[in-house]
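Novice: Return a 3D structure for these sequence lines:
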Amino acid sequence: MVQRTHLTGARVVLPDGVVDNGRVTVEGTRITAAGPAAGPAAGPAGGPAARLATEPAAGPATEPAAGPAGDSAPGQADSGGERVLDLAGGWIVPGFVDLHVHGGGGASFSAGTPEEALTAIGTHRRHGTTTMLASTVTGDLDDLARQAAALSELVEQGELAGIHFEGPFISPHRCGAHQPSLLRAPDPADVRKLVDAARGTARMMTLAPELPGGLESVRLLADSGVLAAVGHTDSTYEATLEAVEAGATVATHLFNAMPSLLHRAPGPVAALLEDERITVELINDGTHLHPAVLGLAFHRAGADRVAFITDAMGAAGMSDGRYPLGPMEVEVKDGVARISDGPTAGSIAGSTLTLDRAFRRAVTIDGLGVEAAVRALSATPARVLGIADRVGSLKPGKDADLVVLDDDFRLRGVMRRGAWVVHPELS
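Specialist: I've put the predicted structure just below:
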């Protein structure tokens, strides 16, 4: 018999509003109901959020390897096949979705081994990221192809949502933490080589469209069902518009590693912000973007076009020290990662951010509403990846991926596919 677990008493963020004293019901790996526990919901009386959404029982569900949602824990009431966990005073939000993450927990996706990848995945899951792409970093093409082949197995197993190639097809003038000697123009044949190496699991590639072969490669990616992302670019406003017309749909960490927004030379920032077809990545760690700049971008694009990302490297979830980032060496001091040696020494090298911290910062420092933050951390990136039918919001029938926060927006619990990664009563 599939265990049914009711999470009650918290404020639940649904696609159409916040429900006070809400309830989320989980059976096996799926959400089967979400709405008010009793009485009217917060928001318009009688509106969609004021009714308990339910899904008819669909027969036995597959139990996740980590164990069912109903695992015993302090504070749970148990009545036969029904269990209730009172989360009064907290929040329940959808599991976070990260389009851009290189590693964590001392491990890197660029290592190209399942062991390192699973360490990074586990680190970010414990911080609320239940769905993520594995981002590579500039390297030799053959090395990147081997990394992609290894990571593709974890995509096929459901551990990752896909692979994001960041580099080597980026501008030497905006290379950031990428090894300059390994950069190359985006020859479509080379782009195709990496896409093919991923065996159908490539989801996004960042490139500089102004480089030779850039627009042709954007078209190739779009025709292959791979997201073409404009980033690490020295492009002009006009050249960026051409890339969008060619099929680019994502801005890689907007503002970072691209020309600044100037009143006579608006550059890629203005082109990417103004076009409704573009989803913009923002790194909300307080280092990459001033809060005023983040607010400008967020309010211009709107929550439905903003995806908060970590761009995290191996030091995420770890202490200060030295860590590898692809072929580069990074030193982390006071939580900020910078290249330690070579021609790009001192450049910011990704982040040590986790998405639970990005969420809390968005609400408590940047002044964003909870619903807007949820869209930017869950619904929007899920839509970009084409998996919004399974993740990104708390709706019956979707994967039971959720995050429990306390009333100060600090993480208390994480559930992925019905299994507790972090149990709210044990955290």
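Novice: can we go C-alpha only for contacts and neighbour counts from here?
Specialist: OK.
Novice: So which bits of the top helix by length along the chain are buried?
Specialist: Counting by DSSP state H, the longest helix found in the chain is helix 141-156. Neighbour counts over helix 141-156 (16 or more other CA atoms under 10 Å) mark 141, 144-155 as buried.
Novice: Packing partners of the next helix or strand after that helix?
Specialist: Counting by DSSP states H and E, the next helix or strand C-terminal to helix 141-156 is strand 162-166. On a contact count with 3 or more CA pairs under 8 Å, 6 or more residues apart in numbering; DSSP states H and E, strand 162-166 meets strand 129-135, helix 141-156, strand 202-207.
Novice: Dump the first one to PDB, restricted to CA.
Specialist: In this case it means strand 129-135. Provided in PDB are the C-alpha atoms of strand 129-135 (Å, rounded to 0.1, in the frame of the first residue of the first chain):
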ATOM      1  CA  THR A 129      17.500  22.300  -5.400                       C
ATOM      2  CA  THR A 130      15.500  19.200  -6.500                       C
ATOM      3  CA  THR A 131      16.100  19.700 -10.300                       C
ATOM      4  CA  MET A 132      19.400  20.900 -11.900                       C
ATOM      5  CA  LEU A 133      21.400  21.000 -15.000                       C
ATOM      6  CA  ALA A 134      25.100  20.000 -14.800                       C
ATOM      7  CA  SER A 135      27.200  22.800 -16.100                       C
END
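Novice: Can you list the neighbours in contact with it?
Specialist: 95-103, 109-110, 124, 151, 160-166, 203, 355-356, 401-402, 415-416 (CA atoms under 8 Å, 6 or more residues apart in numbering).
Novice: any idea how far residue 344 is from residue 335?
Specialist: Separation of residue 344 from residue 335 (CA to CA, to the nearest Å): 19 Å.
Novice: OK, contacts around the spatially most central residue of the chain?
Specialist: The residue lying closest to the centre of the chain (CA atoms, centre = their mean) is residue 98, at 0.8 Å. Taking CA under 8 Å, 6+ apart as the criterion, residue 98 is in contact with 129, 131, 132, 133, 308, 309, 310, 355, 377, 381.
Novice: make it 6 Å
Specialist: Residues counted as contacts of residue 98 (CA atoms under 6 Å, 6 or more residues apart in numbering) are 132, 309.
Novice: For beta bridges, what are the partners of it?
Specialist: Beta-bridge partners of residue 98, counted by DSSP bridges, are residue 132.
Novice: Then residue 306?
Specialist: Going by DSSP bridges, residue 306 forms beta bridges with residue 280.
Novice: What ranges in the protein fall below the confidence cut-off?
Specialist: 1, 38-80, 427 (pLDDT under 70).
Novice: Mind jotting down where the helices sit in the stretch 1-150 of the chain?
Specialist: Applying DSSP state H, counting those that start in this stretch to the stretch 1-150 of the chain gives helices spanning 114-125, 141-156.
Novice: thinking again about what came up before, check the gap between the residue nearest to the centre of the chain and residue 184 for me.
Specialist: Taking CA to CA, one finds residue 98 at 27 Å from residue 184.
Novice: Next: residue 91.
Specialist: Residue 91 sits 46 Å away from residue 184, going by CA to CA.
Novice: more crowded one of those two?
Specialist: Ranked by neighbour count (other CA atoms under 10 Å), residue 91 and residue 184 place residue 91 first, with 27 against 19.
Novice: need the contact list for the more buried one.
Specialist: Residue 91 is in contact with 10, 11, 12, 404, 405, counting by CA under 6 Å, 6+ apart.
Novice: how close does it sit to residue 316?
Specialist: 24 Å.
Novice: Ok, residue 179 next?
Specialist: Note on residue 179: its distance to residue 316, by CA to CA, is 21 Å.
Novice: neighbour-wise, which of those two wins?
Specialist: It is residue 316, of residue 179 and residue 316, that has more neighbours when counted by other CA under 10 Å, with 28 against 21.
Novice: residues near the nearest residue to the more buried one once chain neighbours are set aside, how many?
Specialist: Once flanking residues are discounted, residue 316 sits nearest to residue 352: 4.0 Å by CA to CA, 6 or more residues apart in numbering. Residue 352 has 25 neighbours, counted by other CA under 10 Å.
Novice: now the helices and strands packed on strand 162-166 as CSV including distance to residue 196?
Specialist: Below are the helices and strands packed on strand 162-166 laid out as CSV (distance: least, CA to CA, whole Å):
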stretch, distance to residue 196
strand 129-135, 16
helix 141-156, 8
strand 202-207, 8
